[in-house]
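**Student:** Structure, please.
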Amino acid sequence: MAAKSSSTLLFVLWVSLLSCNPKDPLPLDTWSQGCIQLAPDSQGFRLSGMCCEYIILPQMKLDRHQQFSVKAEYFTFTGAGFAGQPIIVNGKLSGDGQTLTISYPTGTAVTTHELRPGAATMYCFCGCD
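**Tutor:** You can find the predicted model right below:
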(Lines give C-alpha, C1' and ligand atoms only; values in the text may rest on other atoms or scores of the structure.)
Protein backbone atom coordinates (compact mmCIF):
# COMPACT_ATOMS: atom_id res chain seq x y z
CA MET A 1 0.00 0.00 0.00
CA ALA A 2 2.86 2.41 0.84
CA ALA A 3 4.52 1.70 -2.53
CA LYS A 4 1.29 2.55 -4.37
CA SER A 5 0.93 5.75 -2.35
CA SER A 6 4.49 6.88 -3.07
CA SER A 7 4.09 5.98 -6.78
CA THR A 8 0.97 8.12 -6.95
CA LEU A 9 2.78 10.99 -5.23
CA LEU A 10 5.72 10.74 -7.66
CA PHE A 11 3.33 10.68 -10.62
CA VAL A 12 1.50 13.80 -9.41
CA LEU A 13 4.81 15.58 -8.81
CA TRP A 14 6.06 14.60 -12.28
CA VAL A 15 2.86 15.85 -13.97
CA SER A 16 2.94 19.13 -12.07
CA LEU A 17 6.58 19.74 -13.05
CA LEU A 18 5.81 19.06 -16.71
CA SER A 19 2.84 21.38 -16.71
CA CYS A 20 4.71 24.36 -15.25
CA ASN A 21 4.16 27.35 -17.49
CA PRO A 22 6.56 30.26 -17.78
CA LYS A 23 5.32 33.44 -16.17
CA ASP A 24 5.50 37.09 -17.10
CA PRO A 25 8.89 38.38 -15.86
CA LEU A 26 7.54 41.84 -15.20
CA PRO A 27 5.40 41.92 -12.07
CA LEU A 28 5.20 45.69 -12.65
CA ASP A 29 4.67 47.51 -15.96
CA THR A 30 7.72 49.77 -15.99
CA TRP A 31 11.34 49.23 -14.95
CA SER A 32 14.17 51.75 -15.07
CA GLN A 33 17.78 52.69 -14.35
CA GLY A 34 18.49 56.45 -14.46
CA CYS A 35 17.43 57.56 -17.98
CA ILE A 36 16.87 54.01 -19.21
CA GLN A 37 13.28 52.74 -19.11
CA LEU A 38 11.65 49.44 -20.08
CA ALA A 39 7.93 50.02 -20.54
CA PRO A 40 4.98 48.35 -22.30
CA ASP A 41 4.71 49.10 -26.00
CA SER A 42 2.18 48.10 -28.64
CA GLN A 43 4.61 45.38 -29.79
CA GLY A 44 5.55 44.16 -26.32
CA PHE A 45 8.09 46.37 -24.56
CA ARG A 46 10.35 49.28 -25.48
CA LEU A 47 13.74 49.86 -23.88
CA SER A 48 14.47 53.57 -24.32
CA GLY A 49 16.42 56.44 -22.80
CA MET A 50 19.76 55.44 -24.29
CA CYS A 51 21.41 58.02 -26.57
CA CYS A 52 20.31 57.60 -30.19
CA GLU A 53 19.09 54.02 -29.77
CA TYR A 54 16.15 51.98 -28.51
CA ILE A 55 15.03 48.34 -28.51
CA ILE A 56 11.62 46.84 -29.23
CA LEU A 57 11.13 43.53 -27.38
CA PRO A 58 8.25 41.06 -27.65
CA GLN A 59 6.37 39.76 -24.63
CA MET A 60 8.84 37.89 -22.43
CA LYS A 61 8.37 34.74 -20.40
CA LEU A 62 10.60 33.61 -17.57
CA ASP A 63 11.93 30.09 -17.49
CA ARG A 64 12.17 28.14 -14.25
CA HIS A 65 15.50 29.86 -13.48
CA GLN A 66 13.86 33.34 -13.63
CA GLN A 67 15.61 34.04 -16.97
CA PHE A 68 14.53 34.84 -20.51
CA SER A 69 16.06 35.20 -23.95
CA VAL A 70 14.13 36.89 -26.78
CA LYS A 71 14.68 38.07 -30.33
CA ALA A 72 14.36 41.84 -30.37
CA GLU A 73 14.88 44.73 -32.77
CA TYR A 74 17.71 47.17 -31.97
CA PHE A 75 17.30 50.64 -33.54
CA THR A 76 20.13 53.17 -33.90
CA PHE A 77 20.10 56.68 -35.33
CA THR A 78 21.72 56.90 -38.77
CA GLY A 79 21.61 60.68 -39.20
CA ALA A 80 18.56 60.41 -41.44
CA GLY A 81 16.37 58.37 -39.08
CA PHE A 82 16.44 55.12 -37.14
CA ALA A 83 17.50 51.79 -38.67
CA GLY A 84 16.84 48.45 -37.01
CA GLN A 85 18.66 45.18 -36.78
CA PRO A 86 17.74 41.93 -35.01
CA ILE A 87 19.47 41.09 -31.72
CA ILE A 88 19.02 38.68 -28.83
CA VAL A 89 18.20 40.20 -25.44
CA ASN A 90 18.87 38.11 -22.34
CA GLY A 91 17.42 38.85 -18.94
CA LYS A 92 17.21 37.62 -15.38
CA LEU A 93 14.85 38.60 -12.58
CA SER A 94 16.44 38.65 -9.14
CA GLY A 95 15.17 36.26 -6.47
CA ASP A 96 13.43 39.08 -4.61
CA GLY A 97 11.82 40.36 -7.84
CA GLN A 98 13.33 43.84 -7.41
CA THR A 99 16.03 43.82 -10.11
CA LEU A 100 15.64 42.94 -13.77
CA THR A 101 19.07 42.58 -15.38
CA ILE A 102 19.07 42.64 -19.17
CA SER A 103 21.97 42.42 -21.61
CA TYR A 104 22.35 42.63 -25.37
CA PRO A 105 25.17 42.94 -27.92
CA THR A 106 26.11 46.40 -29.22
CA GLY A 107 28.82 46.03 -31.81
CA THR A 108 31.69 44.09 -30.26
CA ALA A 109 30.59 44.77 -26.66
CA VAL A 110 27.70 43.64 -24.49
CA THR A 111 25.54 46.28 -22.83
CA THR A 112 23.95 45.46 -19.47
CA HIS A 113 21.28 47.34 -17.52
CA GLU A 114 20.11 46.61 -13.98
CA LEU A 115 16.55 47.88 -13.90
CA ARG A 116 14.39 48.51 -10.83
CA PRO A 117 10.60 48.83 -10.62
CA GLY A 118 9.22 52.25 -11.58
CA ALA A 119 9.56 54.93 -14.23
CA ALA A 120 12.83 56.55 -15.24
CA THR A 121 14.10 59.02 -12.64
CA MET A 122 16.11 61.13 -15.11
CA TYR A 123 15.75 62.45 -18.64
CA CYS A 124 18.85 62.40 -20.81
CA PHE A 125 18.75 64.51 -23.98
CA CYS A 126 21.03 63.39 -26.80
CA GLY A 127 19.66 65.42 -29.71
CA CYS A 128 19.01 62.66 -32.23
CA ASP A 129 15.26 62.18 -31.90
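**Student:** residues near residue 54, how many?
**Tutor:** 20 (other C-beta atoms under 10 Å). All C-beta spots, glycine's among them, are computed from the backbone N, C-alpha and C.
**Student:** Pull up the gap between it and residue 95, please.
**Tutor:** 29 Å (C-beta to C-beta, to the nearest Å).
**Student:** try residue 60
**Tutor:** If you measure residue 60 against residue 95 using C-beta to C-beta, the figure is 18 Å.
**Student:** mind listing the strands for the protein?
**Tutor:** In the chain, strands defined by DSSP state E lie at 31-33, 36-41, 44-50, 53-57, 67-77, 82-93, 100-106, 109-117, listed in chain order.
**Student:** Please produce a markdown table containing those, extended by distance to residue 124 and mean pLDDT.
**Tutor:** Shown next, in a markdown table, are those (distance: least, C-beta to C-beta, whole Å; pLDDT from 0 to 100):
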| stretch | distance to residue 124 | mean pLDDT |
| --- | --- | --- |
| strand 31-33 | 11 | 95 |
| strand 36-41 | 9 | 93 |
| strand 44-50 | 6 | 93 |
| strand 53-57 | 12 | 95 |
| strand 67-77 | 14 | 94 |
| strand 82-93 | 17 | 95 |
| strand 100-106 | 17 | 94 |
| strand 109-117 | 13 | 95 |
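**Student:** Neighbour count for residue 60 and residue 95, which is higher?
**Tutor:** For residue 60 and residue 95, the more surrounded residue by other C-beta under 10 Å is residue 60, and the numbers stand at 22 against 8.
**Student:** what pairs with the residue nearest the centre of the chain across the strands?
**Tutor:** The centroid of the chain falls nearest to residue 91 when counting by C-alpha atoms, centre = their mean (4.9 Å). Applying DSSP bridges to residue 91 yields these beta-bridge partners: residue 68, residue 102.
**Student:** was I right about it contacting residue 67?
**Tutor:** Yes. In this structure residue 91 lies within contact range of residue 67 using C-beta atoms under 8 Å: 6.6 Å.
**Student:** Highest mean neighbour count out of the strands of the chain?
**Tutor:** Among these, strand 31-33 has the highest mean neighbour count (mean count of other C-beta atoms under 10 Å), at a mean of 23.
**Student:** Which neighbouring elements make contact with that strand?
**Tutor:** Using 3 or more C-beta pairs under 8 Å, 6 or more residues apart in numbering; DSSP states H and E as the contact test, the elements touching strand 31-33 are strand 36-41, strand 109-117.
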